[in-house]
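Trainee: Pasting the sequence and the predicted coordinates here, then a few questions.
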Amino acid sequence: MTASLKSHSHGQTMVLTISNPEHRNALGPDMYAAGVEALNIAESSPEVRSVVITGEGGNFCAGGNLQRLLANRQQAPEVQAQSIEGLHNWIETIRAFPKPVVAAVEGACAGAGFSLALACDLIVAAQGSVFVMAYANVGLSPDGGATWSLMRALPRATALQLLLCGDRVGAERLQQLGVVSQVSSTGESLADALSLCERLNARAPNALASIKELANDAATVALHAQLDAERDHFVRNLHHANAGEGIAAFMEKRPANYR
């Protein structure tokens with residue numbers, strides 16, 4: 001079976017499914033390019049208000065294909081560098097994407113699969129799912145922004161425990177640490193992620209885009225710069241038609257109909 005990234009719509013949510021079940025949904029360059037293309041299409045489509053990334057079958061993603069990595073050891077270093085650039089382009093596209101992206105995790109979430117989940121805005125993980133930064137277990141260092149994400153999400157010692165030791169950690173523990181947003185029953189992560197997206201889809205898209213942009217920049221700018229950015233976004237959103245609808249709906253005690 002050929003590895004691929006499948007796409008389908010569920011209401012106003014685009015669902016991207018990593019499909020490589022023979023290898024526990026291991027990633028590859030074709031998937032990276034397909035992921036970037038899908039998000040570019042979703043960004044320009046007013047019919048899409050959120051995205052879910054999930055894995056086919058009982059696993060989210062086992063990371064890189066070790067057989068492919070072994071073969072790349074016989075190639076020039078530039079071959080693997082180009083592959084990682086493809087992954088990193090997808091990671092950056094997810095981070096910059098103005099609409100919510102939710103990872104729905106079952107089973108194994110390892111290596112670059114863990115990095116991919118961390119790049120998403122929210123993670124819905126099933127009971128029994130297992131996360132592992134597997135790189136050091138096979139003599140490698142992380143990619144996919146794993147160090148960037150974990151060092152911002154966790155205390156230094158906790159992040160380094162995961163990165164250096166390659167310990168397996170469950171969804172419940174990662175929820176306690178604030179990495180996983182929601183723990184679902186086994187087999188229900190996608191359904192719960194879609195339900196979460198329905199809530200997000202009902203909110204003003206321009207406001208959610210502002211929140212994502214502000215949140216992404218918050219860790220790297222000075223307070224004064226962040227305050228200026230919050231002011232500018234607030235004023236722009238206040239003068240958007242959705243603010244008029246939202247305020248009116250609140251005052252009239254009815255659901256808002258955002259565009």
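Mentor: Looks like it arrived, so ask away. Numbers count the residues shown, from 1 in each chain.

Trainee: pretty sure residue 242 belongs to a helix, no?
Mentor: Yes: counting by DSSP: H, G, I helix; E, B strand; the rest coil, one finds residue 242 located in a helix.

Trainee: quick one: the helices in this protein?
Mentor: For the chain, the helices defined by DSSP state H cover 29-44, 66-72, 77-96, 112-119, 146-153, 156-165, 171-176, 189-201, 205-218, 223-238, 241-251.

Trainee: how's the protein carved up into domains?
Mentor: Domain assignment for the chain by automatic domain parsing gives 4-201, 205-251.

Trainee: Figure out which of those is closest to residue 257.
Mentor: Nearest to residue 257, of all those, is domain 205-251, at 6.3 Å by C-beta to C-beta. Glycine gets a C-beta too; all of them are placed from N, C-alpha and C.

Trainee: so who does the closest residue to residue 198 other than its chain neighbours touch?
Mentor: In this structure, residue 198 finds its nearest non-sequential neighbour in residue 11, 6.8 Å apart by C-beta to C-beta, 6 or more residues apart in numbering. By C-beta atoms under 8 Å, 6 or more residues apart in numbering, residue 11 lies in contact with 194, 198, 201.

Trainee: Same list (those) but as TSV, adding pLDDT.
Mentor: Compiled in TSV, the contacts of residue 11 are given as follows (pLDDT from 0 to 100):
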residue	pLDDT
194	98
198	98
201	98
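
Trainee: So, low pLDDT: which residues of the stretch 101-250 of the chain?
Mentor: The stretch 101-250 of the chain contains no residues with pLDDT under 70.

Trainee: Roughly how far does the residue lying closest to residue 56 once chain neighbours are set aside sit from residue 26?
Mentor: What sits nearest to residue 56 in space, not counting adjacent residues and going by C-beta to C-beta, 6+ apart, is residue 19, at 4.4 Å. Distance, residue 19 to residue 26, using C-beta to C-beta, to the nearest Å: 11 Å.

Trainee: Please apply the same query to residue 228.
Mentor: Taken as C-beta to C-beta, the span from residue 228 to residue 26 is 44 Å.

Trainee: okay, those two: which has more neighbours?
Mentor: Shown here are residue 228 and residue 26; by other C-beta atoms under 10 Å, residue 26 has more neighbours (26 against 12).

Trainee: Against residue 168, how distant is the more buried one?
Mentor: Distance, residue 26 to residue 168, using C-beta to C-beta: 18 Å.

Trainee: One more: residue 34?
Mentor: Taken as C-beta to C-beta, the span from residue 34 to residue 168 is 29 Å.
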